[in-house]
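Visitor: My questions are about this predicted structure, shown below with the sequence.
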Amino acid sequence: MPDDAQDARLAGYVRALFAPEDETLEEMRYEIARKGFPEIYISAEQGRLLQVLLAAVDARDVLEIGTLGGYSAIWMARALPPDGRLVTLELREERAALARDFVARAGLDEVVQVRVGDALELLNELDEEDARFDVVFIDADKERYGEYLDWALALVRSGGLILADNAFQHGRVLDEESESEAVRAVQAFNERLARDPRLVSTVLPVRDGLTVSVVR
């Protein structure tokens, strides 16, 4: 059996056993496609992994950079205690509106706050509000991953987590001569995680690669 076929079967096994989607998440994926939004959300098994990581650090306050339709936000919010909160940042109002709709359908509108605007400006606003977080999940424009890391280091508590999706760029991180700005940015991001003395980091080879960093 080809390795990719076996990998797909194993992912399906994990998804069925540990991360079955409910009707809300299934409908959200349908709506994202129907509206013509990019279908670049995390997988269900990644959603479950995020829940495990949040539980491991007893997360109560979570920041997500990059909302899209709210798929990952719902997975993470469901891992929080009743008094938890998740702030998610989205550039486009039409995507934020979809996220708010499905967050409400999931019964999480008291937990999840969707903020709309340029992420760097919104991060500055959060800092001015003295907001601090247990976990930051980065899944937005790859070209600014380095800047998002700077903000995450400022906003995450000691012992908290900085997580980022698409660390492999579909294998393109191996291309040392890539001309893609996104690939080069992710390569630099990964190298910073590996060397920064303030972090203990690795990449989990789940789907397109998830970086996991513990703030010392």
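Guide: Received it, and whenever you're ready, just let me know what you need.
Visitor: Name the helix or strand for residue 115, please.
Guide: According to DSSP states H and E, residue 115 maps onto strand 112-116.
Visitor: Please disregard the earlier target; I meant residue 182.
Guide: helix 181-195.
Visitor: Kindly report the same for residue 162.
Guide: Under the criterion of DSSP H and E, residue 162 resides in strand 156-165.
Visitor: And the strands in this structure, which stretches?
Guide: Assigned strands in the chain, in chain order: 61-65, 85-90, 112-116, 133-138, 156-165, 199-204, 210-215 (criterion: DSSP state E).
Visitor: Ok, which of those strands comes nearest residue 23?
Guide: When these are compared for distance to residue 23 using C-beta to C-beta, the nearest one is strand 112-116, at 18.1 Å. Bear in mind the C-beta positions are built from the backbone N, C-alpha and C, glycine included.
Visitor: Adjacent strands (with direction) for that closest one?
Guide: Using DSSP bridges, strand 112-116 pairs in its sheet with strand 85-90 (parallel).
Visitor: Check which residues of the strand it pairs with are buried.
Guide: Neighbour counts over strand 85-90 (16 or more other C-beta atoms under 10 Å) mark 85-90 as buried.
Visitor: Nearest to residue 67 among those?
Guide: residue 90 (3.6 Å).
Visitor: so what's the closest one up against?
Guide: 66-68, 96, 99, 114-116 (C-beta atoms under 8 Å, 6 or more residues apart in numbering).
Visitor: And the residues you listed, which two are furthest apart?
Guide: Farthest pair in the contacts of residue 90 (C-beta to C-beta) is 68 and 115. Separation: 13.9 Å.
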